[in-house]
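> Structural data only, the sequence is not supplied:
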């Protein structure tokens with residue numbers, strides 16, 4: 001069995017194209033698939049995302065490929081870390097590895113228990129990274145650009161009509 005994949009099937013030599021019994025077009029992921037991809041790519045990263053958050057992401061990521069979603073998630077997972085150098089207030093939170101100990105978590109000045117600190121003055125190993133939240137994704141989704149153009153999609157569909165089948 002030979003399996004091949006290409007984003008530009010029209011560039012295949014006709015002799016090569018004939019060697020493939022089936023030429024199946026796999027379209028961009030639909031809403032349900034995008035929601036699943038967001039869940040999969042976030043994985044075990046601590047987050048406060050619920051089904052509504054994943055559905056919002058799926059709704060607002062139409063036209064993105066699986067690779068685009070993977071890159072978007074990687075960018076969003078870094079958002080809490082990008083926020084840390086700007087943080088001016090931190091609060092004590094329980095250390096999940098040692099219930100008798102605490103960690104410092106960045107917070108807003110109005111949070112209960114918020115104390116004014118500079119990131120660099122916190123004791124080494126005492127920093128708790130904030131949970132990844134929908135707000136982190138909203139910032140990234142707002143600037144996300146699809147890697148596949150509408151013209152490319154039309155060309156894929158035209159090629160599929162002529163030489164392939166939908167998958």
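Sure, I can see it. From a predicted model like this one, the values you see are computed outputs, not experimental measurements.
> Can you pull up the most central residue in the chain?
In the chain, the C-alpha closest to the average C-alpha coordinate belongs to residue 73, at a distance of 1.8 Å (Cα atoms, centre = their mean).
> if I pick the closest residue in space to residue 94 that isn't next to it in sequence, what's in contact with it?
If you skip the residues right next to it in sequence, residue 94 has residue 102 as its closest partner in space, 6.3 Å away by Cβ to Cβ, 6 or more residues apart in numbering. For glycine as for every other residue, the C-beta is placed from the backbone atoms N, C-alpha and C. If a contact means Cβ atoms under 8 Å, 6 or more residues apart in numbering, then residue 102 has 92, 93, 94, 95, 126 as its contacts.
> you'd agree residue 102 is in a strand?
Yes: using DSSP: H, G, I helix; E, B strand; the rest coil, the secondary structure at residue 102 is a strand.
> Show me the two of the contacts of residue 102 that sit farthest apart.
94 and 126 (12.4 Å; Cβ to Cβ).
> Overlap of the contact sets of these two?
Shared contacts of residue 94 and residue 126 (Cβ under 8 Å, 6+ apart): 102, 103.
> Now do the least confident helix or strand in the chain by mean pLDDT: which elements does it pack against?
Here the helix or strand of the chain ranked lowest by mean pLDDT, DSSP states H and E is strand 165-166, holding a mean of 86. Here strand 165-166 is seen to pack against strand 24-25 when contacts are counted using 3 or more Cβ pairs under 8 Å, 6 or more residues apart in numbering; DSSP states H and E.
> Can you point out the buried residues in the helix ranked longest in the chain?
Under DSSP state H, the helix in the chain containing the largest number of residues is helix 66-83. Buried positions in helix 66-83, judged by neighbour count with 16 or more other Cβ atoms under 10 Å: 68, 69, 71, 72, 73, 75, 76, 77, 79, 80.
> Lowest-confidence one in the residues you listed?
Among these, residue 80 carries the weakest pLDDT, at 87.
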